[in-house]
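> What follows is a predicted structure for the sequence shown.
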Amino acid sequence: MTRLFGIIYALAGPTLAGILITAALTMNMFDTKSMIVAAAVGFLAALPIAWIVAKQINENT
């Protein structure tokens, strides 16, 4: 399950970070701190999401 978690996280982390950076840019937050915070929150939010998805895939196979 660790390998599956890593693969899913490698896809979900940058995706969520990109979504949150895009959201910050649309709210006119052009400073560096906002971009770093948005990216960090995206990568951190992807951890439990990847774990839950990997767990569900593992249970259903």
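Nice, I can see it.

> all contacts plus neighbour counts: C-alpha atoms, from now on.
OK.

> Would you mark the buried spots in the longest helix along the chain?
If you go by DSSP state H, the chain has its longest helix at helix 32-59. By 16 or more other Cα atoms under 10 Å, the buried positions in helix 32-59 come out as 34-35, 38-43, 46-47, 49-51, 54.

> TSV for those residues, including distance to T61?
Formatted as TSV, those follow (distance: Cα to Cα, whole Å):
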residue	distance to T61
S34	41
M35	39
A38	35
A39	33
A40	32
V41	31
G42	28
F43	27
A46	22
L47	22
I49	19
A50	17
W51	16
A54	11
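
> Return the residues in contact with I8.
I8 makes contacts with A50, V53, A54, as judged by Cα atoms under 8 Å, 6 or more residues apart in numbering.

> From T2, how far off is the last one?
Right, the one you point to is A54. Note on A54: its distance to T2, by Cα to Cα, to the nearest Å, is 8 Å.

> Could you do the first one as well?
If you measure A50 against T2 using Cα to Cα, the figure is 10 Å.

> do the second one as well
For V53, the distance to T2 (Cα to Cα) stands at 12 Å.

> quick one on the thing from earlier: dump the contacts of I8 to JSON lines, plus pLDDT.
Shown next, in JSON lines, are these (pLDDT from 0 to 100):
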{"residue": "A50", "pLDDT": "97"}
{"residue": "V53", "pLDDT": "96"}
{"residue": "A54", "pLDDT": "96"}
